[in-house]
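K.L.:
Kindly generate the corresponding structure for this input.
(one chain, ligands or ions: 1)
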Amino acid sequence: MGFGYFPAQVEGWYSGQLYPVLLTLRLWLTVWVPFSIGDLLYIFVSIYLIYKLIGSLLVIKKEGLKGVKLWRASAIILLVWISFKLLWGLNYDRLGAGHLLQIEQKAYSGAAVTSLVNELIDSLNSTRKQLSEAKIQVDTLPVGNPAPYFSWAQEAYQRAKTSYSFLPDKAPRVKATLFNPLADYVGFTGYFNPFTAEGQVRTDMPGLELPFVACHETAHMLGFASESEANLVGYLVATKSSNPYVRYSAYNEIFTYAQREQLSMMALQKDSVGFMGAVAQNRDRLDTLVKQDRKAVRRFFNRHRSSVAPIMSGVYEQYLFLNKQNAGLKSYDEVIGWLIDLKQKQLKK
Ligand SMILES: [Zn+2]
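P.N.:
All right, here's what the predicted structure looks like:
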């Protein structure tokens with residue numbers, strides 16, 4: 001819609017002023033309901049669409065294509081697209097978290113990624129030690145009640161507010177998805193509903209995943225549309241938490257991204273010696289308990305992996321391209337670029 005040419009205006013007028021109001025209005029409507037209204041909406045719309053599709057097919061059979069009101073379907077699609085853009089989607093065109101934090105996505109060296117990886121390993125090891133000392137169990141299997149984990153994410157936002165002034169006074173809370181049984185097929189851990197502004201989290205996955213995914217989805221609720229921004233804000237907030245479980249969850253997630261970037265850079269340069277060396281070094285540096293946790297979580301997702309997920313992630317990739325997220329699914333990994341720049345800026349201070 002051309003708004004991408006005016007990111008400063010979108011940042012100031014839409015993301016900075018109009019969107020917070022639109023969010024508050026929708027939170028008034030949804031916050032009282034313990035389940036996801038957006039999910040219910042999706043169910044009704046799906047049933048309606050199937051009903052309409054069958055109806056249209058019957059009309060085509062009887063009267064041919066001329067009987068179908070194509071203009072009406074097109075008008076509805078256009079209306080949905082405009083609502084999407086106005087209610088949230090314009091946040092894709094803003095200057096965003098990088099601008100607010102005064103950091104950039106610059107080209108970085110393999111050494112910079114390795115240094116970030118090592119730092120994350122140290123953080124993983126030390127928070128894991130704190131958890132063991134406090135006798136807090138790390139959930140590598142689904143938990144019975146996800147509610148406390150969602151509260152921890154909300155508390156993390158409250159605390160992070162003192163460090164990041166762009167965060168709101170009271171952060172919204174995510175909800176459990178109604179679509180857990182679909183998660184393996186679609187391949188999601190959480191998603192945001194741009195119409196109701198609710199963040200949903202898959203709850204039948206290892207409890208260790210919940211705090212970071214909740215922080216990531218909360219960032220989407222607050223208007224950080226791109227995946228890299230949601231990862232960045234989610235990570236910065238989670239690592240400010242006073243709860244070691246929340247920090248551990250975030251370090252674990254971002255370490256996965258950082259290690260993947262480290263290894264893929266070496267693979268691209270055909271540096272097989274460096275690749276094997278990095279794999280061995282990371283394995284040596286990681287605490288045994290951290291390795292155990294990560295292995296158990298990996299085992300859980302491997303057991304649940306379905307052959308449909310790659311098809312669905314292809315659909316989501318198209319959606320990301322449509323919203324100018326040119327890196328597609330790789331845009332999740334772009335958080336590494338932000339973090340390296342943030343680290344370098346902090347060192348200079
Ligand atoms: Zn996301």
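K.L.:
where do the strands sit along this structure?
P.N.:
175-176, 190-193, 198-201 (DSSP state E).
K.L.:
Which residues outside the first one are in contact with it?
P.N.:
Residues outside strand 175-176 that contact it (C-beta atoms under 8 Å, 6 or more residues apart in numbering) are 34, 35, 36, 146, 150, 198, 199, 200, 201, 203. (Each C-beta comes from the backbone N, C-alpha and C, glycine too.)
K.L.:
how close does the third one get to residue 178?
P.N.:
Relative to residue 178, residue 36 is positioned 6 Å away (criterion: C-beta to C-beta, to the nearest Å).
K.L.:
which of those two has more neighbours?
P.N.:
Between residue 36 and residue 178, counted using other C-beta atoms under 10 Å, residue 36 has the larger neighbour count: 22 against 15.
K.L.:
hang on, isn't that one packed against residue 197?
P.N.:
No. Contact criterion C-beta atoms under 8 Å: residue 36 and residue 197 do not qualify, at 11.1 Å.
K.L.:
Can you name the residues that contact residue 23?
P.N.:
172, 197, 221, 222, 223.
K.L.:
rerun that using 10 Å as the cut-off
P.N.:
For residue 23, the contacting residues are 87, 88, 168, 172, 197, 221, 222, 223, by C-beta atoms under 10 Å, 6 or more residues apart in numbering.
K.L.:
Near the third one, how many other residues are there?
P.N.:
Other residues within reach of residue 168, judged by other C-beta under 10 Å, total 15.
K.L.:
Ramachandran angles for it?
P.N.:
Dihedral pair for residue 168: phi -80, psi 170, per degrees, to the nearest 10.
K.L.:
List only those of the contacts of residue 23 flagged as buried.
P.N.:
87, 88, 172, 197, 221, 222, 223 (16 or more other C-beta atoms under 10 Å).
K.L.:
any idea how far the fifth one lies from residue 251?
P.N.:
For residue 221, the distance to residue 251 (C-beta to C-beta) stands at 23 Å.
K.L.:
same thing with the first one?
P.N.:
When distances are taken as C-beta to C-beta, residue 87 and residue 251 turn out to be 33 Å apart.
K.L.:
Then the third one?
P.N.:
Going from residue 172 to residue 251 by C-beta to C-beta gives 24 Å.
K.L.:
Kindly report the same for the second one.
P.N.:
For residue 88, the distance to residue 251 under the criterion C-beta to C-beta works out to 29 Å.
K.L.:
Without its sequence neighbours, what residue ends up closest to the residue nearest in space to the middle of the chain?
P.N.:
With distances taken as C-alpha atoms, centre = their mean, residue 216 lies nearest the centre of the chain, 4.5 Å away. Leaving aside its chain neighbours, residue 216 sits nearest to residue 234 (3.8 Å; criterion: C-beta to C-beta, 6 or more residues apart in numbering).
K.L.:
Tell me how many other residues surround that neighbour.
P.N.:
29.
K.L.:
Hmm, residue 338 and it touching each other?
P.N.:
No. Applying C-beta atoms under 10 Å as the test, residue 234 and residue 338 come out as separate, 11.8 Å apart.
K.L.:
Now, of the contacts of strand 175-176, which are buried?
P.N.:
Among those, the ones that count as buried by 16+ other C-beta under 10 Å are 36, 146, 150, 198, 199, 200, 201, 203.
K.L.:
Quick one: these as TSV, columns for distance to the ion and pLDDT too.
P.N.:
Shown next, in TSV, are these (distance: C-beta to the ion, whole Å; pLDDT from 0 to 100):
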residue	distance to the ion	pLDDT
36	16	97
146	18	96
150	16	97
198	13	98
199	9	98
200	11	97
201	11	97
203	16	96
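K.L.:
Go through the residues you listed and say which is closest to residue 47.
P.N.:
Checking the buried ones among the contacts of strand 175-176 against residue 47 with C-beta to C-beta, the nearest one is residue 36 at 16.5 Å.
K.L.:
contacting residues for that closest one?
P.N.:
Contacts of residue 36 (C-beta under 10 Å, 6+ apart): 30, 42, 174-179, 193, 196, 198-201.
K.L.:
picking that back up, make CSV out of the buried ones among the contacts of strand 175-176 and add distance to residue 9.
P.N.:
Formatted as CSV, the buried ones among the contacts of strand 175-176 follow (distance: C-beta to C-beta, whole Å):
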residue, distance to residue 9
36, 32
146, 39
150, 34
198, 27
199, 26
200, 31
201, 33
203, 39
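K.L.:
isn't residue 212 right next to residue 236, touching?
P.N.:
No. Judged on C-beta under 10 Å, residue 212 makes no contact with residue 236 at a distance of 11.7 Å.
K.L.:
Those two - which one has more neighbours?
P.N.:
Applying other C-beta under 10 Å to residue 212 and residue 236 shows that residue 212 carries more neighbours, namely 29 against 23.
K.L.:
This completes my enquiry, with thanks.
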